[in-house]
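# Dropping a prediction and its sequence here:
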Amino acid sequence: MDEQLAIIVRCAYKNYGNTQVLRDFNMTVPRGAIYALLGPSGCGKTTLLSCIVGRMTLDGGYIETSARGHSSMGYMPQNIALYMQLSIGETFAYYGRVYGMTEEAIIIRGDILSKLLELPPLQRIVETLSGGQQRRVSLAVSLIHNPDILILDEPTVGLDPILSDSIWKYLVKIADEDKKTVIITTHYIEEAKQAHRVGLMRGGVLLCEETPQDLISKNQCETMEQAFLKLSYKQEISRQTEDSQLPDRVMGKTRQRKMKKAIFTKQCFRAELVKNWFFIWRNKPMLAFLFGLPLVITFLFNIAIGHSPQGMRLAMVSQETPNGVYDCVIPPPPGMGCNFTYPLSCRFAHKLRQNGLELVPFEDVVTAIEAARRNYVWGIILIPANYTMSLLARFEHNLKTPDYFVDHSTINLWLDMSNQNIGTLIKLNVVLTYNAYMEEVFNDCDWPLAALTLPVKLEKPIYGERVANLNHYASPAIVLLLIFYLPMSYTIGVLVQEKLLGVLERSMVAGVNLIEVFIAHTAIQIIILFFQMSIAMFVLYYLYESPFIGEPFSTSLLLLLQGVSGIAFGFCVAIAFDKMLHATYASLGSVFSFFFLSGMVWPQQGAHFVLWWFRWLVPVSYSVEALRALTVKGWTIIHPLVFKGYISVSAWIVLYCLAAHILLRLRKGTFSTA
Ligand SMILES: Nc1ncnc2c1ncn2[C@@H]1O[C@H](COP(=O)(O)OP(=O)(O)OP(=O)(O)O)[C@@H](O)[C@H]1O
């Protein structure tokens with residue numbers, strides 16, 4: 001490239017779908033000149049600048065610049081594109097670090113720019129500044145590293161004329177004295193008089209490229225505005241013929257030099273790390289969400305799930321006593337021994353009440369069933385006539401019990417099973433209550449308990465507890481899903497927001513790459529994850545005593561890996577979707593699927609066989625099993641089931657990173673919403 005030139009654009013073509021924005025566009029920017037790019041709204045100025053700074057790629061043609069690296073170029077996008085939670089000083093420090101400046105140089109340069117641009121005090125948070133002040137900070141950011149080439153997209157919009165004038169004077173000074181090159185777009189045609197060269201653009205084509213004086217004199221006009229109007233009319237008249245002459249798209253090779261930079265630099269990583277830290281620290285509601293959610297969810301999970309329903313109404317029809325259950329109001333006398341003057345049906349009724357069931361007396365079964373149909377009771381218990389006598393006779397005659405005693409010693413139970421959980425729990429309650437009351441009778445009478453119980457003896461469980469507890473079963477799944485979901489939603493929220501504000505793109509134009517963004521983001525997230533994990537595990541395993549006999553380090557490592565996989569998944573979603581709503585739907589959809597497939601609601605072994613075959617495709621499936629084995633069984637990483645969990649979660653991290661890389665390539669390296 002000619003030494004005297006800073007930027008050349010040749011035969012450039014750019015389309016957005018079917019909309020052609022640049023058509024055979026040519027432009028030559030000399031070194032040390034201010035080049036004012038003028039044109040009506042929508043003619044393609046921003047698109048062209050985006051291609052020059054590398055935010056977008058051309059569809060045809062080529063762009064060459066004399067910039068040696070990211071720090072040779074300063075870019076001020078059209079939108080404010082600033083991190084709202086940072087102060088002005090922190091914003092300068094962030095970009096200064098990205099450009100590799102020393103802390104001292106950043107301070108000196110920041111002072112110069114804040115005087116020049118009349119900025120508010122450096123400790124003011126960007127969010128609290130007016131629109132005009134934010135625009136000036138944005139301009140200062142593009143100047144912080146004193147670049148050789150400045151690309152400014154409408155820097156003077158909304159500024160008062162005196163300030164605009166001083167900015168123009170500064171630009172002229174750095175161009176004349178320091179040989180800096182400036183490309184500036186503006187809607188204020190007259191202010192462009194101070195530029196060394198003016199390019200008039202219309203409909204994606206450059207109409208002319210002259211000095212302001214030549215533009216006025218060659219078109220025999222008095223002002224630039226008149227010259228622009230004249231050229232626009234000329235173009236309008238000859239558009240038909242021009243259109244047919246210009247090819248729709250150049251088929252030749254596209255050449256757009258990407259600025260070289262190492263995959264990972266300490267300076268960008270540090271800048272990202274500090275910026276992320278300030279973002280979280282300044283965002284108190286976000287902090288409350290990050291630390292409050294694991295606490296609230298695990299707490300709610302424990303108080304809302306796994307407990308037996310209380311006060312369930314059960315109709316009781318007792319044919320043993322003249323007034324049914326009304327005769328059972330008086331509790332059994334204490335220490336009555338093996339005495340059956342107090343009916344056994346009343347003893348059973350009393351025990352059922354003790355175990356949380358509300359018994360509603362009914363005279364007959366038909367009315368009771370009617371009550372169940374009206375949703376008044378969950379079931380009906382029928383105690384037959386002569387129950388006590390028949391039961392005793394059954395014990396006495398055993399295998400030779402006459403049918404009458406068999407029928408009259410049998411309690412009938414009808415249940416409303418429309419709610420499977422409540423129906424099953426009432427059934428279990430009635431059976432367990434029956435066993436307990438019978439044990440009492442056998443003990444009172446000194447009869448052998450072995451004659452009562454099933455000839456199957458349940459020994460102490462090898463792992464877990466004697467009575468299965470749903471909460472304890474689901475704890476590993478809930479903690480794992482939480483540790484996946486929280487970093488994922490945070491990553492998606494932060495990155496899509498940064499995309500929408502244009503700050504991520506600006507950082508990337510300044511030289512940050514997504515690997516640095518990912519690593520810095522993950523580093524901060526790991527600190528947060530540590531607290532989130534501790535909170536969730538404290539509530540589940542300490543406060544609500546879910547069984548934990550495992551090794552804390554291996555457990556934390558698995559959870560940490562799961563958290564990192566959540567971050568990586570969040571990255572994929574944030575790259576794939578530009579709109580917050582779409583990203584939210586994608587994340588919610590996946591978390592819901594993981595929720596069902598993790599075995600939290602129902603054991604994975606009970607899923608459809610197709611799901612069982614493909615459960616390796618479910619990112620949390622093996623890790624939940626591994627976590628259950630780690631916590632309840634106390635197995636270690638050397639056990640194949642636990643090892644599989646670690647391998648699975650690590651493989652998913654790699655897979656998500658690969659998917660993010662492919663998505664980014666498909667998007668031609670841009671990470672923008674444009
Ligand atoms: N992401 C996009 N998808 C589709 N069309 C787009 C997209 N971005 C811009 N355009 C269209 O491309 C054309 C050029 O847009 P561009 O922003 O480059 O214009 P501009 O000259 O900078 O306008 P202004 O001066 O108003 O900022 C416009 O017609 C715009 O509607």
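That came through, no problem.
# mind checking the SS state of residue 201?
Secondary structure, DSSP: H, G, I helix; E, B strand; the rest coil: residue 201 is strand.
# who's it bridged to?
The partner list for residue 201 in beta bridges (DSSP bridges) reads residue 206.
# got the contact list for it?
Counting by CB atoms under 8 Å, 6 or more residues apart in numbering, residue 201 touches 37-39, 43-45, 48, 207. (Each C-beta comes from the backbone N, C-alpha and C, glycine too.)
# How much space separates the residue of the stretch 501-650 of the chain at minimum distance from the ligand from residue 534?
Going by CB to the nearest ligand atom, the ligand is nearest to residue 578 of the stretch 501-650 of the chain, at 9.2 Å. Going from residue 578 to residue 534 by CB to CB, to the nearest Å gives 35 Å.
# Look at the two and report which has more neighbours.
Higher neighbour count among residue 578 and residue 534: residue 578, with 16 against 13, using other CB atoms under 10 Å.
# State the number of residues packed around the residue in the stretch 301-450 of the chain that the ligand sits nearest to.
Residue nearest to the ligand within the stretch 301-450 of the chain (CB to the nearest ligand atom): residue 301, separated by 43.3 Å. Neighbours of residue 301 under the rule other CB under 10 Å: 20.
# Can you name the residues in contact with the helix or strand that contains residue 390?
When secondary structure is defined by DSSP states H and E, residue 390 falls within helix 387-397. For helix 387-397, the surrounding residues in contact (CB under 8 Å, 6+ apart) are 318-320, 340, 343-345, 384, 401-402, 404-409, 411, 447, 451.
# got it, and stretch 584-594?
Identification of contacts with stretch 584-594 by CB under 8 Å, 6+ apart yields 481, 484-485, 488-489, 492, 569-570, 573, 576-577, 618-620.
# Flag the least confident of the residues you listed.
Least confident entry in these, by pLDDT: residue 618, with 81.
# Which neighbouring residues are in contact with it, exactly?
Residue 618 is in contact with 593-594, 597-598, 611, counting by CB under 8 Å, 6+ apart.
# what's the burial count for residue 402?
Residue 402 - counted by other CB under 10 Å - has 12 other residues nearby.
# Give me the distance between it and residue 214.
Using CB to CB, residue 402 is found at 123 Å from residue 214.
# Then residue 554?
Counting by CB to CB, the gap from residue 554 to residue 214 is 76 Å.
# Flag the shaky bits of the stretch 151-300 of the chain, pLDDT-wise.
By pLDDT under 70, the weakly predicted segments of the stretch 151-300 of the chain are 238-260.
# nearest residue to residue 424 other than its sequence neighbours?
For residue 424, ignoring the flanking residues on the chain, the nearest one in space by CB to CB, 6 or more residues apart in numbering is residue 417 at 8.0 Å.
# give me phi/psi at the one you found?
The phi and psi torsions at residue 417 (degrees, to the nearest 10) take the values phi -100, psi 20.
# And for the one 5 residues further on?
Comment: the main-chain dihedrals of residue 422 come out as phi -70, psi -40, following degrees, to the nearest 10.
# ok, it - contacts?
Residue 422 sits next to 309, 312, 378, 416 when contact means CB under 8 Å, 6+ apart.
# pLDDT value on it, please?
Note on residue 422: pLDDT of 89.
# Could you point out the helix or strand that follows whichever strand or helix holds residue 421?
Using DSSP H and E, residue 421 sits in helix 420-445. Next along the chain after helix 420-445, taking DSSP H and E as the criterion, comes helix 470-501.
# does that next one come close to the ligand?
No: residues of helix 470-501 contacting the ligand under CB under 6 Å from any ligand atom: none, with a closest distance of 12.6 Å.
# Now do the very next helix or strand once past that helix: which elements does it pack against?
Using DSSP H and E, the next helix or strand after helix 470-501 towards the C-terminus is helix 503-510. For helix 503-510, the elements it packs on are strand 73-76, helix 88-98, helix 470-501, helix 514-537, judged by 3 or more CB pairs under 8 Å, 6 or more residues apart in numbering; DSSP states H and E.
# which of the ones you listed is buried the deepest?
Of all the helices and strands packed on helix 503-510, strand 73-76 has the most neighbours on average by mean count of other CB atoms under 10 Å, namely a mean of 26.
# Which residues of the chain lie near the ligand?
Residues of the chain lying close to the ligand (CB under 6 Å from any ligand atom) are 16, 19, 21, 39, 41-47, 78, 674.
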